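[1] Structure here, sequence nowhere to be found:
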């Protein structure tokens, strides 16, 4: 396939790199060169047009809780962490991302609560979290 039909190499925009950057405190999305759709975390194909042409886009990390759940009975590997909350956060740029909620009392959680990205490490792996804005 030619460059124009196949798209540019997306090896610089990988899930591994996304989490490595998150560990360093930078939240990065990807914008489809074909249609302009924004996605986070990185994907192989654009969910809007199916293209494989991406460019990295820095994200503010600021958003609001769109939905959340409190985990009271955690999976085996996280039993010691319970209770904790996971939220779908709608970022200022318009995309949503799941992450753990930190430094917010569970009783204070609410849809619409302003939050900001916080890098955390869980079991020696970088993870996405959101705390008070």
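    Yep, it's here. Values in this document were obtained by computation on a predicted structure and should not be read as measured data.
[2] care to break this structure down by domain?
    Domain ranges of the chain: 3-58, 62-132, per automatic domain parsing.
[3] Comparing the ones you listed by mean pLDDT, which bottoms out?
    Ranked by mean pLDDT, the domains of the chain end with domain 3-58 at the bottom, a mean of 81.
[4] From the chain's centroid, how far away is that domain?
    Distance, stretch centre to chain centre, for domain 3-58: 12 Å (Cα atoms, centre = their mean, to the nearest Å).
[5] what does stretch 46-61 give?
    Centroid separation for stretch 46-61 versus its chain: 13 Å, with Cα atoms, centre = their mean.
[6] so how far is the first residue of it from its last?
    End-to-end distance for stretch 46-61, by Cα to Cα, to the nearest Å: 21 Å.
[7] list the buried ones in it?
    By neighbour count on 16 or more other Cβ atoms under 10 Å, the buried set for stretch 46-61 is 46, 51, 52, 53, 54, 56, 57, 59, 61. For glycine as for every other residue, the C-beta is placed from the backbone atoms N, C-alpha and C.
[8] quick one: the third one and residue 39, what's the gap?
    What it means is residue 52. 12 Å (Cβ to Cβ, to the nearest Å).
[9] for the protein, what spans make up the strands?
    For the chain, the strands defined by DSSP state E cover 28-32, 38-39, 54-58, 62-71, 84-91, 96-101, 114-122, 125-132.
[10] Pairing partners for the shortest one, with directions?
    Right, the one you point to is strand 38-39. strand 28-32 (antiparallel) (DSSP bridges).
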